[in-house]
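S.K.: Predicted structure and sequence below. I'll ask about it afterward.
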Amino acid sequence: MASTIPFPLREPQQNDTPQAFQPNLNVALICPDCRVTPPQIVEEFASGDLVCGDCGLVLGDRIIDTRSEWRTFANDEGDDPSRVGAAANPLLDGNQLDTVISRRDGGTGAAKDLNKVHGRASGMKGERNLVQSYKDIGAMCDSISLSKIVSDTAKQLYKRVEDEKLLRGKSSDAIIAACIFIACRQEKVGRTFREICALTRVPKKEIGRCYKSLQSKLQTNTSIMNSEDLMSRFCSNLLLPPYVQKAGVDLVKRAKELGTLAGKSPISVAAACIYLVSYLYRVPKTTRDIAHVAGVSEVTIKSAYKSLYAERENLIDIEALRSKSNGEGLSFEDLALP
């Protein structure tokens, strides 16, 4: 006979003592008026409300619809409650519910042919040129480290120009360059005509014509570029310390108050002030280095610097600079005409 092994008896544990009464911490939503248990709560996703099914009292609002996002074609002519697809792009026309042909098989076979045919059909809608222009604007703005706000503003301007046919006969590159320049002015990002010309490879005169035409037709509020906006970028490219940049901004403001460089372009003013401050703080930069960064000639920098050097005692408080830690030992003897 098979022997049976009895199970060992479990020793009594401390947790076997009877538990004391504890309140029920489960959250139960009931109607405060009818107090029916169990409650009949109805979720109305159309209005986003929680409603009592017995008395009709609204118990909550702004609920989230957690139902599946399936597309149905049962009611194409009327209002379809199903929500499908991403948010619409305001820069493109139409409802943007186009079909996208997948190319999972590596771009060969029937998928490749369907993708090619679909691309030709989509191109007839007139959106292909817009999409390509938006890609060009985004790539150009990224290449010169412009923010997404500037890029989106330029795209909106280009969309408005294309919709209203404001610049008929102008090339797309010239329109893109003008839109980027206007967007930089609106967002107070210092970019010169020369930089936009080098970026878009469009002649300066062509950008100027498009810019003046758009400014009058769009009636946009474009601020004037200041030397202070260019100072930080020029100093960063020249690897100058922050206190030199701060001193250069103060010098520009002081020169404007006294009218020392009246009539000079903001680029020339910024370049001349950087040249003076760099020699004053004993981190000298040559006119060739500054001209390469600022995009002006060395003669222009020297001409503006001579005006600053003549008024150096009125423009710079040398005693105040000496009192600072970074200004010890400064003197006008460090400055000299180039």
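M.R.: Nice, thanks for sending it over. Residues are numbered from 1 along each chain as shown.

S.K.: Burial check on the residue lying closest to Lys264 once chain neighbours are set aside, number of neighbours?
M.R.: In space, not counting the residues next to it along the chain, Lys264 is nearest to Ala304; the distance is 5.5 Å by Cβ to Cβ, 6 or more residues apart in numbering. For the C-beta atoms, the positions are set from N, CA and C on the backbone; glycine is no exception. Residues near Ala304, counting by other Cβ atoms under 10 Å, number 25.

S.K.: for Ala304, what are its contacts?
M.R.: Contacts for Ala304 were tallied using Cβ atoms under 8 Å, 6 or more residues apart in numbering; they are 261, 264, 268-269, 271-272.

S.K.: so what's it scoring on pLDDT?
M.R.: On the pLDDT scale, Ala304 is placed at 89.

S.K.: quick one: it is in a helix?
M.R.: Yes - per DSSP: H, G, I helix; E, B strand; the rest coil, Ala304 lies within a helix segment.

S.K.: Quick check: Thr37 is in a strand.
M.R.: No - counting by three-state DSSP, Thr37 is not part of a strand but coil.

S.K.: Can you give me the separation between it and Ala28?
M.R.: Separation of Thr37 from Ala28 (Cβ to Cβ, to the nearest Å): 8 Å.

S.K.: One more: Asp65?
M.R.: With the distance defined as Cβ to Cβ, Asp65 ends up 23 Å from Ala28.

S.K.: Please enumerate the helices of the stretch 1-150 of the chain.
M.R.: Counting by DSSP state H, counting those that start in this stretch, the stretch 1-150 of the chain has helices at residues 110-123, 127-143, 148-164.

S.K.: tell me which element Val207 falls in.
M.R.: Check again: residue 207 is Ile, not Val. Element membership for Ile207 (DSSP states H and E) is helix 204-218.

S.K.: average pLDDT for that helix?
M.R.: Rounded mean pLDDT across helix 204-218 is 85.

S.K.: For that helix, which outside residues touch it?
M.R.: 157, 160-161, 166-167, 170-171, 174-175, 177-179, 181-182, 193-194, 196-197, 200, 220, 222.

S.K.: give me that answer again for 10 Å
M.R.: Contact with helix 204-218 is made by 157, 160-161, 164, 166-167, 170-171, 173-182, 185, 192-194, 196-197, 200, 202-203, 220-222, as judged by Cβ atoms under 10 Å, 6 or more residues apart in numbering.
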